[in-house]
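> give the three-dimensional model of this entry:
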Amino acid sequence: MTEIIDGNAVAQAVRDGLGDAIDTLADAGTTPTLATVLMSDDPASETYVSMKQDDCEEVGIEARDVEIDPDAPAEELFDTIDELNDDPDVNGILVQMPVPDHVDDREVLRRIDPLKDVDGFHPENVGRLVAGNARYKPCTPHGIQKLLADAGVETEGADAVVVGRSDIVGKPMANLLLQKTEGGNATVTVCHSRTEDLAARTRRADIVIAAAGVPEMIDGDMLGEGATVIDVGINRVDADNDKGYELVGDVDYESAKEVAGAITPVPGGVGPMTRAMLLWNTVKAASLQTGTDVSLP
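Numbers count the residues shown, from 1 in each chain. Below you'll find the predicted structure:
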């Protein structure tokens, strides 16, 4: 029988496990603090930020909500980031993407203090990840590692295929699976829009991580029997229901679960883990910045 990997349950375990570390920091006079910066009026972005703030409140992390007019000049955002960098009470900074077109998103990432870059996207942190000495692992790939470990999936010696080469998921995920450490030691193939005969590559994989942003592009015929399937995609497609749409992943769930040994659903799979690992990184950031040793789950 196919195992349905419950991201909500694993994420809750991570949040619960942060309690001791947060208490240790509190005893040392520190409340981990995450500043979320929103420069958008996109309803989805507003919802994401609100959810992250609720997550912080649940575990005892202070959330600072900073909103900037989307029509404001880019320098207003950069000045805000500089102020948060200089604030010793702020441990983590997250600028909700996307930012308006007149703002250079790469400059946004470079502007954040690497020690407060809890997304793990600053060039310094990317370099440390590739070098095998990560300060903060990007939240989604880190969450996927946690899901694989919780499901008892052995990565060492496994043939893993990552479909998608984004800076946010595909590239760091491939790097983590490659590394000579627990949760790594896999043989990794990265596939993308120019890959020929994608199905031939995914069929021979022990682990398939779908992160291409294409609705239901991978179905059961493209999987090997017993493969572990991690679906990162979350796509809105038209549907005949009250909302007029439904959310689907990059994997055709119904056909894939007939073949897979384990699979994540959408929603309720990878998404909750991304949010949980943001909290994890924020607590780690507070630990690093204050020199307080904590035990992280």
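> please make it C-alpha for all contacts and neighbour counts, starting now.
Will do.
> ok, E57 - contacts?
By Cα atoms under 8 Å, 6 or more residues apart in numbering, E57 lies in contact with A63.
> in which helix or strand does it reside?
helix 43-59 (DSSP states H and E).
> what residues sit buried inside that helix?
By 16 or more other Cα atoms under 10 Å, the buried positions in helix 43-59 come out as 45, 49, 52-53, 55-56.
> and the furthest pair within those?
S45 and C56 (16.8 Å; Cα to Cα).
> could you list the low-pLDDT ranges of the stretch 51-200 of the chain?
Scanning the stretch 51-200 of the chain with the threshold set as pLDDT under 70 gives no residue ranges.
> so T30 lies in a strand, does it not?
No - with the criterion set as DSSP: H, G, I helix; E, B strand; the rest coil, the secondary structure at T30 is coil rather than a strand.
> can you show me the helices along this structure?
Counting by DSSP state H, one finds helices in the chain at the ranges 7-17, 19-27, 43-59, 74-86, 105-111, 123-130, 139-150, 170-178, 198-203, 253-256, 270-290.
> now do the second one: everything it contacts.
What that stands for is helix 19-27. Around helix 19-27, the neighbours that count as contacts under Cα under 8 Å, 6+ apart are 31-32, 59-61, 283, 286-287, 292, 294-296.
> any idea how far the closest residue to T36 other than its chain neighbours lies from D69?
When the adjacent residues along the chain are set aside, T36 lies closest to L94, with 4.9 Å between them (Cα to Cα, 6 or more residues apart in numbering). When distance is defined by Cα to Cα, to the nearest Å, L94 is 17 Å away from D69.
> equivalent analysis for N175, please.
Using Cα to Cα, we find N175 at a distance of 36 Å from D69.
> which of those two has more neighbours?
More crowded of N175 and D69, by other Cα atoms under 10 Å: N175, with 17 against 13.
> give me the buried subset of the contacts of helix 19-27.
Applying 16+ other Cα under 10 Å to the contacts of helix 19-27, the neighbour count classes 31-32, 60-61, 283, 286-287, 294 as buried.
> buried sites along stretch 264-282?
Taking 16+ other Cα under 10 Å as the neighbour-count basis, stretch 264-282 is seen to contain the buried residues 264-267, 269-282.
> before we move on, back to that, to G157, which of the helices of the chain lies closest?
Nearest to G157, of the helices of the chain and by Cα to Cα, is helix 170-178 at 10.0 Å.
> pretty sure V294 contacts S287?
Yes - proximity of V294 to S287 meets the contact threshold set by Cα atoms under 8 Å, at 6.6 Å.
> how far away from the center of its chain is stretch 93-113?
Distance of stretch 93-113 from its chain centroid, counting by Cα atoms, centre = their mean, to the nearest Å, is 17 Å.
> quick one on the thing from earlier: can I get the buried residues of helix 43-59 in TSV including distance to I230?
What follows is these, written out as TSV (distance: Cα to Cα, whole Å):
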residue	distance to I230
S45	24
V49	24
K52	22
Q53	26
D55	23
C56	26
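> from those, pick the one nearest V10.
Using Cα to Cα, D55 is the member of those that lies nearest V10, at 14.4 Å.
> between the buried residues of helix 43-59, which is nearest R236?
For R236, the nearest member of the buried residues of helix 43-59 is S45. The distance, counting by Cα to Cα, is 14.7 Å.
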